[in-house]
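Enquirer: Next input, structure requested:
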Amino acid sequence: MRVGVGYDSHRFDSSRTLVLGGVAIPGFPGLAGHSDGDAVAHAVIDAILGASGAGDVGRHFPPGAQEWKDADSMDLLRRAVTLAGERGYRPSNVDVVVITEAPRLAPLADRIRTRLAEVLGVSVDAVSLKGKTNEGLGWIGAGEGLAVHAVALVKETGSRES
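Expert: Below you'll find the model as predicted:
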């Protein structure tokens, strides 16, 4: 078993739809980014890739590459799981913390956990999602954006896919 840590942050962008963990959340500004800006997916991608020794999201999906412009980050996560599999690892569980003043994540947590579990190929109870505020401090507290921390555990499959 191996552990990886992921992090991502984005500024809010009112011209976009907010997407977290593959779930569109109307009524809130979206996140700036080259892809769809899904910071939850990006942090989990980094955690999965890191745990499997495969680098980071920017290495595999460079932010300047036209092919990833407005990409669905859940597709990128699916590709990261495939990359981990090619190195002989599969996700076991993930733990995600979203730091934002709004939206409140508790009402959305089950939908986001379900979506992440589907893409990761794990059961819903292997995905944890927590929302925290920054207590009004800093750029997050000022409502300028949000940040996400993720930890992933991957299991060795015993063989490398080719």
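
Enquirer: Counting neighbours, what do you get for residue 42?
Expert: 29 (other C-beta atoms under 10 Å). Any C-beta I mention is one placed from the backbone N, CA and C, and that applies to glycine too.

Enquirer: Next: residue 71.
Expert: Neighbour number of residue 71 under other C-beta under 10 Å is 17.

Enquirer: Look at residue 89 and report its pLDDT.
Expert: Residue 89 carries a pLDDT score of 97 in this model.

Enquirer: before we move on, what about residue 61?
Expert: For residue 61, the model assigns a pLDDT of 79.

Enquirer: ditto for the one 5 residues further on
Expert: The score at residue 66 is 70. That number is its pLDDT.

Enquirer: The helix or strand containing residue 150 pairs with which strands, and in what direction?
Expert: Using DSSP states H and E, residue 150 maps to strand 145-156. When pairs are called by DSSP bridges, strand 145-156 turns out to pair with strand 2-20 (antiparallel), strand 89-99 (antiparallel).

Enquirer: What ranges does this structure have for its helices?
Expert: Along the chain, counting by DSSP state H, helices occupy 39-51, 57-60, 73-86, 109-120, 138-141.

Enquirer: Quick check: which of those helices is buried the most?
Expert: helix 39-51 (a mean of 28; mean count of other C-beta atoms under 10 Å).

Enquirer: any idea of the angle that one forms with strand 145-156?
Expert: 40 degrees (axes from the mean of the first three to the mean of the last three C-alpha atoms, to 10 degrees).

Enquirer: Which secondary structure elements does helix 39-51 sit against?
Expert: strand 2-20, helix 57-60, helix 73-86, strand 89-99, helix 109-120, strand 145-156 (3 or more C-beta pairs under 8 Å, 6 or more residues apart in numbering; DSSP states H and E).

Enquirer: And those: which comes nearest residue 131?
Expert: Comparing the helices and strands packed on helix 39-51 against residue 131 with C-beta to C-beta, the closest turns out to be strand 89-99 (5.1 Å).
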